[in-house]
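Enquirer: Output the structure for:
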Amino acid sequence: MKILILGSNGQVGFELTQIVDSAIALTRDQVDFSVPGQISEIIDQYKPDIVVNAVAYTAVDKAESEPSLAMLINAVAVQELARVCAKHDAWCIHYSTDYVFDGSADTPYKETDPVNPLGIYGQTKLAGERYIQAETDKHIILRTSWVYSWRGANFVKTMLRLADERESLNVVNDQHGCPTYAGDIALVTKHIIEQLNKNPQLNGIYHLTGSDSTTWFEFAKAIFECSGKTISLNPIATTEFPTPAKRPKYSILDNAKLESRFGLVLPGYKQSLNSCLDRIAFA
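Expert: Sure thing, here's the model as predicted:
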C-alpha cells in the first residue's frame, strides 16, 4: 500500500511521517496548493493508494484580508486533490476544523449538525469538505480543533514564549473548545489508514479532538502549571480582545462516531500537554 503525505513539514504532517512506515512525504514547498495543476502532477507521478492532506491555509485572521488565497488553498486545490484521487481510485484523508460551526450550540457538535462558519477560514474549509464529498466516495474528513504541537506556531508555544517576555497576560475565558495534540491526531490517522482497505464503508466525516474541553484561559493556566513557569493570568471576555475574524464561542466536538466505528478514545489535553512539553524541553 503506497501512502502519500502532503504537508509533511506541518504540525500534523510531521508527526504522521514519524509513525507511518515507508510513506512518501512531501512538504508544502514540494507541492504548492496555490499553483493549479501541481497536485494532479504529483498524484499522477506517485499513484498512491492513500493520500493524506495535511496542507491548509490556517491564518484565521489573515484569511479575512486574503479570501481568494484561502479559498484557493483550502477549497479549489482540495477539489483538484479529490478529483485526481478519484481518478486513481485512491483514498483521500483530509483535515478540517471546528470553525465550520458558528458556536451557538450548548452541547457538543455531531457530524450531522448544521454548519454555519462565521469567517473566511471556516467558509473555505467547509467548501473543501463539500468538494471532497462531491468528487469521491473514498474519503475520510477529520474535523479537529485547537491543534498544538512541540513544533511550529501554536497556542502552547506562544504561551511559553510570552511567559518569558511578560509578567502578566490576559487570556480569553469565554471561548470553549477541545485542545488537540498533533501527535494524537497522527496516531488516529495511522489507525484509520490501517482500517481502510479492510472496510471501505468507513468513509465519511469524523470529529477528532482531545477528550476534555476547556477555555483558552484554563488551557493557558494548565500550560504554565505543567511547565513550571510563573506568570499572572487574567481572564477576559472575547469582546475585550477584538480580532479581524470572529471565533465560535462554543466549538466542542462530539467524538462518539470516531469512538464507535474505530474504537478510539483520545486522551485529555492535560495528559497530551505533558507529552508535548517534554518534547519541547528536549527539542
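
Enquirer: With only the CA atoms kept, save stretch 177-186 in CSV.
Expert: What follows is stretch 177-186, C-alpha atoms only, in CSV (Å, rounded to 0.1, in the frame of the first residue of the first chain):
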residue,chain,number,x,y,z
GLY,A,177,-13.1,24.0,22.8
CYS,A,178,-11.0,20.9,22.9
PRO,A,179,-7.2,21.3,22.7
THR,A,180,-5.9,18.5,20.5
TYR,A,181,-2.3,17.3,20.3
ALA,A,182,-0.9,16.9,16.8
GLY,A,183,0.7,13.6,17.9
ASP,A,184,-2.7,12.2,18.9
ILE,A,185,-4.2,13.2,15.5
ALA,A,186,-1.3,11.4,13.8
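
Enquirer: contact partners of it?
Expert: Contact with stretch 177-186 is made by 11-12, 14-16, 18-19, 95, 98, 142, 144-149, 155, 208-215, 219, 250-253, 266-267, 269, 272-273, 275-276, as judged by CB atoms under 8 Å, 6 or more residues apart in numbering. Where you see a C-beta, it was placed from the backbone N, CA and C, and this is true even at glycine.

Enquirer: How far away from the center of its chain is it?
Expert: Here the centre of stretch 177-186 is set off from its chain's centre by 8 Å, with CA atoms, centre = their mean, to the nearest Å.

Enquirer: begin at 526 from here
Expert: Yes, from this point I'll number from 526; that puts the last item at stretch 702-711.

Enquirer: Rounded mean pLDDT for that stretch, please.
Expert: Averaged across stretch 702-711, pLDDT comes to 96.

Enquirer: And stretch 666-678, by the same measure?
Expert: Averaged across stretch 666-678, pLDDT comes to 95.

Enquirer: Run through this protein and note the low-pLDDT ranges.
Expert: Applying pLDDT under 70 to the chain picks out residues 808.

Enquirer: So what's the residue count around residue 639?
Expert: By other CB atoms under 10 Å, the residues close to residue 639 number 10.

Enquirer: so who does the residue nearest the centre of the chain touch?
Expert: For the chain, the residue lying nearest the average C-alpha position, counting by CA atoms, centre = their mean, turns out to be residue 669 (4.8 Å). Applying CB under 8 Å, 6+ apart to residue 669 gives the contacts 620-623, 705, 710, 732-734, 778.

Enquirer: in the sheet, who's paired with it?
Expert: As for beta bridges, residue 669 partners with residue 622 under DSSP bridges.

Enquirer: That one and residue 652, how far apart?
Expert: Counting by CB to CB, to the nearest Å, the gap between residue 669 and residue 652 amounts to 18 Å.

Enquirer: No further queries at this time; thank you.
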